[in-house]
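Asks: here are the coordinates; sequence isn't available:
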């Protein structure tokens, strides 16, 4: 496997398009051979390779994985990046085929993760850091959240100039309706039908506030456009194709905002949903011990600090996340609570109702 | 106090009491535990069944019939309620009375023979590799042209239930255990205070001088008081016995000293005697005195031996008839030249009665001593032409409906006999009738001792021959022979 030192290889998924390949189990395998690869370590010891299937951008996770590999030279990580819905189906598919080439599953779609764990597909794992993980970010000692990522509003600073920043969701609805000609087809978000994370954020909106219907109405009248990937929304906002990006994962938005002076981010003051990336060890994994070591690392102080300093991810540890959260942090953060409650919108019938409504409002014309 | 440090091998009453109380408490604890387990299980099931019930109600409330189609909009609260059992997985299926699935997380098997009803039914089953509590509840939906039952089925893993059972059980168990320990502590204290008077008695006895025969103080608890009274009774009997022994030793000393003094006197007289005829008479007297002293000594030794053997409880099977014959052979050999007319009569049913007909349990040496003493006694105290009848026969005694076989050895003589009022006296040591001059005063006393140690009876009576009749009544030993 040393021959396939493909690192660094940027996943083309983040470069949007590829909609047709939505449910295909395509995953770009990136073998992150540690920097040690340069050292003749080939004969020093046998390396164990663990397969991590994740929805997190490879670029965002790379430094954390490298740090882990440096600290654990006996483990090599094969990192497979995939979309949320595809990951969910891949795990179920692997279960049915008794495939064991999955060791750790990481996703930002917490509801899909809870559903997989509820299927009994996770292996229990008790960490020394259990106390450090808040109870809302841990379920059954199987599913652990390791990031703290607010869901934010992204805006194009140039195009947005002159408009007051909305403080609340209602303000946003008022803003859109009052300025429909400006915002028409200039607001974008994830496609809840294809993006598990997008579906989660909208359903959480529905649970958190009944004002969301006014927002949806406003978004509907503004002819909101839908995207499959965060980077696509950010690209569109940066280029001016969009003025506003609604419900965007704060991690990527902050990263982009720090590099692109044209991109601004904003957090609502009435409530801001916080998502946590969650990981569980696959029940039929053959390398549970190594996978546990990686998960332990993610939750450890070292791992959290590495995340805070060298990656785009915002760690869950209260001390570390302060370093990364935007300056205008509100105390209206509403973390999504892990647990059986998240199964509500994963009910097939409920999901169908929701998506029927969604599609009737936001479906792109060319696919109708 | 060397005794105190020596460990006793006997079981301690304290240990035995605490062990038996401990066993009792353990039995009670076991019963409590079984009850507690059942209670905890019931309580946990009732608590968490309510979650299932509540969630089912929340879902059914949101079920309706719209243009003939069943719509169910699962409320967030339903799963939030189930989420109160934080670690548990949940499975569900919502279906119609015709088993047509409306929506489901899993293809659950409904309860067999289910009749739709608004009251919930619960059952346990295994699902997805875990033990799962299932619940099913229905609601009747009425529409314009169609009415039907909609059924919600939930399955929930039992982690929270098991946690609650464990918690309830262990808490209850801790209380029960505490009560047990306190109870045992009280038992221990009670035992110690109950045993305290006994320890007092022990210390009193241990520190007592061997010559101290004063009674122990009788202290309150009735049970101990009766023990103390018994010990006091024993002490007084021991004192009596010791007194008797002292008297016996004094008697023996006196007897032997007297006999030896008499012998000494005869010998002194003989040494001063000049005339050969008179000297001969003196020497004869001295010789008679000597023989008497020897006899006395022998009898004293025999008496001591008999008592010693009685103490030793030497017991074997004895054929009384055979023993009698042996004794007679020896005696007859000694008295073959005398004019005494012996007659021996062994009853035919004993003579021909087989091996066990004359069987008794006892010490053959003592009994032989007793028989020869009785016959000796008859010879000594009777005239030269005495007649002595010895007979052995069986007698059946009826006692409380049961038959007891006795063997009776009877010796009659034609001697002077013993007047009735003196018969008890002659059984005492060193008591002689005074008629013969060579009686040691121990003969019948030895017989009495042997009879008593064998639990046999000695009867003195008037003989048909004119003299004394001695009856020795033994109990026949029964070996595998039905009586």
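Replies: On my side now, so go ahead. Please read these numbers as outputs of a predicted model, since none were measured by experiment.
Asks: show me the domain layout of chain B.
Replies: Per automatic domain parsing, the structural domains of chain B span B:11-207, B:226-309, B:313-483.
Asks: strands along the stretch 1-150 of chain A, start to end?
Replies: If DSSP state E, counting those that start in this stretch is used as the criterion, the strands of the stretch 1-150 of chain A fall at A:28-32, A:48-54, A:75-81, A:104-107, A:122-123, A:138-139, A:143-145, A:149-156.
Asks: need the domains of chain B in a markdown table (columns: distance to chain A and mean neighbour count).
Replies: The C-beta positions use only the backbone N, C-alpha and C, and glycine is treated the same way. Listed next are these as a markdown table, based on distance: least, CB to the nearest CB, whole Å; neighbours: other CB atoms under 10 Å in any protein chain shown:
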| stretch | distance to chain A | mean neighbour count |
| --- | --- | --- |
| domain B:11-207 | 4 | 16 |
| domain B:226-309 | 65 | 14 |
| domain B:313-483 | 75 | 17 |
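Asks: of these, which is nearest residue A:91?
Replies: Closest approach to residue A:91 among those is made by domain B:11-207 (15.3 Å; CB to CB).
Asks: pLDDT weak spots in the chain?
Replies: The chain I'm using is chain A. A:1-45, A:129-131, A:327-330, A:364-368 (pLDDT under 70).
Asks: let me rephrase: I mean chain B.
Replies: B:1-11, B:220, B:433-440, B:479-483.
Asks: please go through it and pick out the longest helix.
Replies: Looking across chain B with DSSP state H, the single longest helix is helix B:222-272.
Asks: so which of the domains of chain B is nearest residue A:210?
Replies: Closest approach to residue A:210 among these (CB to CB): domain B:11-207, 12.3 Å.
Asks: any idea how far the closest one is from the middle of the chain?
Replies: Mean-position distance between domain B:11-207 and its chain equals 50 Å (CA atoms, centre = their mean, to the nearest Å).
Asks: also stretch A:50-57?
Replies: That offset, for stretch A:50-57, works out to 11 Å (CA atoms, centre = their mean).
Asks: and for that stretch, what are the contacting residues?
Replies: By CB atoms under 8 Å, 6 or more residues apart in numbering or on different chains, the residues outside stretch A:50-57 that reach it are A:11, A:14, A:27, A:61, A:65, A:75-84, A:87, A:90-91, A:101-109, A:196-197, A:231, A:252, A:277, A:287, A:290-291, A:294, A:312-313.
Asks: find the nearest non-adjacent residue to residue 251, please.
Replies: Chain wasn't specified; assuming chain A. What sits nearest to residue A:251 in space, not counting adjacent residues and going by CB to CB, 6 or more residues apart in numbering or on different chains, is residue A:149, at 4.7 Å.
Asks: to clarify, I was referring to chain B.
Replies: residue B:430 (5.3 Å).
Asks: check residue B:465 too.
Replies: In space, residue B:465 is closest to residue B:414, 4.1 Å off (CB to CB, 6+ apart).
Asks: so what does the one you found have for phi and psi?
Replies: phi -110, psi 20 (degrees, to the nearest 10).
Asks: in the stretch 251-368 of chain A, which spans are helices?
Replies: A:288-299, A:301-310, A:318-324, A:348-362 (DSSP state H, counting those that start in this stretch).
Asks: residue 60: what's it in contact with?
Replies: If you meant another chain, say so; for now it's chain A. Neighbours of residue A:60 in contact, by CB under 8 Å, 6+ apart: A:251-252, A:255, A:311-313.
Asks: let's do chain B instead
Replies: If you count contacts by CB under 8 Å, 6+ apart, then residue B:60 has B:137-139, B:150, B:152 around it.
Asks: the spatially most central residue of chain A and chain B: what is the separation?
Replies: Most central in chain A under CA atoms, centre = their mean is residue A:108, positioned 3.5 Å from the mean C-alpha point. Going from residue A:108 to chain B by CB to the nearest CB, to the nearest Å gives 20 Å.
Asks: spatially, what comes nearest to that residue if we skip its sequence neighbours?
Replies: residue A:197 (4.8 Å).
Asks: what kind of secondary structure is that neighbour in?
Replies: helix (DSSP: H, G, I helix; E, B strand; the rest coil).
Asks: and residue A:248, by the same measure?
Replies: strand.
Asks: got it, and residue B:459?
Replies: Residue B:459 ends up strand, using three-state DSSP.
Asks: surely it and residue B:473 touch.
Replies: Yes - using CB atoms under 8 Å, residue B:459 is in contact with residue B:473, at 6.8 Å.
Asks: tell me which element residue B:451 falls in.
Replies: helix B:443-453 (DSSP states H and E).
Asks: now do that helix: everything it contacts.
Replies: B:299, B:302-303, B:306-307, B:309-310, B:363, B:366-367, B:369-370, B:373-374, B:376-377, B:380, B:426-431, B:456-458, B:460, B:470, B:472.
Asks: centre of the chain to it, how far?
Replies: The answer for helix B:443-453 is 32 Å, by CA atoms, centre = their mean.
Asks: then stretch B:265-277?
Replies: 69 Å.
Asks: rewinding a little: will you turn the contacts of residue A:60 into JSON lines that also has neighbour count and distance to residue B:50?
Replies: Converted to JSON lines, the contacts of residue A:60 look like this (neighbours: other CB atoms under 10 Å in any protein chain shown; distance: CB to CB, whole Å):
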{"residue": "A:251", "neighbour count": "26", "distance to residue B:50": "41"}
{"residue": "A:252", "neighbour count": "24", "distance to residue B:50": "44"}
{"residue": "A:255", "neighbour count": "19", "distance to residue B:50": "47"}
{"residue": "A:311", "neighbour count": "24", "distance to residue B:50": "45"}
{"residue": "A:312", "neighbour count": "24", "distance to residue B:50": "45"}
{"residue": "A:313", "neighbour count": "27", "distance to residue B:50": "41"}
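Asks: show me which pair in the residues you listed is furthest apart.
Replies: A:252 and A:311 (11.4 Å).
Asks: which other helices and strands does the longest helix of chain B contact?
Replies: Using 3 or more CB pairs under 8 Å, 6 or more residues apart in numbering or on different chains; DSSP states H and E, the elements in contact with helix B:222-272 are helix B:159-206, helix B:276-312.
Asks: if we use 6 Å, what do you get?
Replies: helix B:276-312 (3 or more CB pairs under 6 Å, 6 or more residues apart in numbering or on different chains; DSSP states H and E).
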